[in-house]
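S.K.: Coordinates for the following, if possible.
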Amino acid sequence: MVTCDKHTSMDDETVLSPMRYKCQICKKKNIDGYSNPDHAPNPFGYLYLAPMICEKCAESRKQCKWCIA
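M.R.: Presented below is the predicted three-dimensional model:
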């Protein structure tokens, strides 16, 4: 997993939802939702953390998946 120094804390988060988010580079719906330590209860369900780009694009571009692409 490629993460920058700013987002190293995100490495501790776990995948909770199936691939429902779209990568901003390849435009494929292949990003998992991750656990959110700052989640507050709400009537709409769980608020997942979603990276900006998928694992495949992050690896090929050597770019942090949590940074804005």
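S.K.: Got phi/psi on the spatially most central residue of the chain?
M.R.: With distances taken as Cα atoms, centre = their mean, P51 lies nearest the centre of the chain, 2.3 Å away. The phi/psi pair for P51 (degrees, to the nearest 10) reads phi -60, psi 160.
S.K.: Quick check: which element contains the closest residue in space to it that isn't next to it in sequence?
M.R.: Leaving aside its sequence neighbours, P51 sits nearest to K65 (Cβ to Cβ, 6 or more residues apart in numbering; 4.0 Å). The way it works is simple: take the backbone N, C-alpha and C, and place the C-beta from them, glycine included. Assigned by DSSP states H and E, K65 falls within no helix or strand.
S.K.: what's the distance between I68 and K62?
M.R.: Plainly put, I68 is 16 Å away from K62 if you go by Cβ to Cβ, to the nearest Å.
S.K.: quick one on the thing from earlier: who are the contact partners of the residue nearest to the centre of the chain?
M.R.: Contact partners of P51, counting by Cβ atoms under 8 Å, 6 or more residues apart in numbering, are 10, 21, 31, 34, 58, 65-66.
S.K.: still on that earlier bit, would you check that the residue nearest to P51 makes contact with L49?
M.R.: No: between K65 and L49 no contact is recorded; they are 11.1 Å apart, counting by Cβ atoms under 8 Å.
S.K.: who has more neighbours, these two?
M.R.: Remark: of K65 and L49, K65 carries more neighbours, 25 against 18, as counted by other Cβ atoms under 10 Å.
S.K.: So what are the sheet partners of the lengthiest strand in the chain and their directions?
M.R.: Looking across the chain with DSSP state E, the single longest strand is strand 15-21. If you go by DSSP bridges, strand 15-21 pairs up with strand 31-34 (antiparallel).
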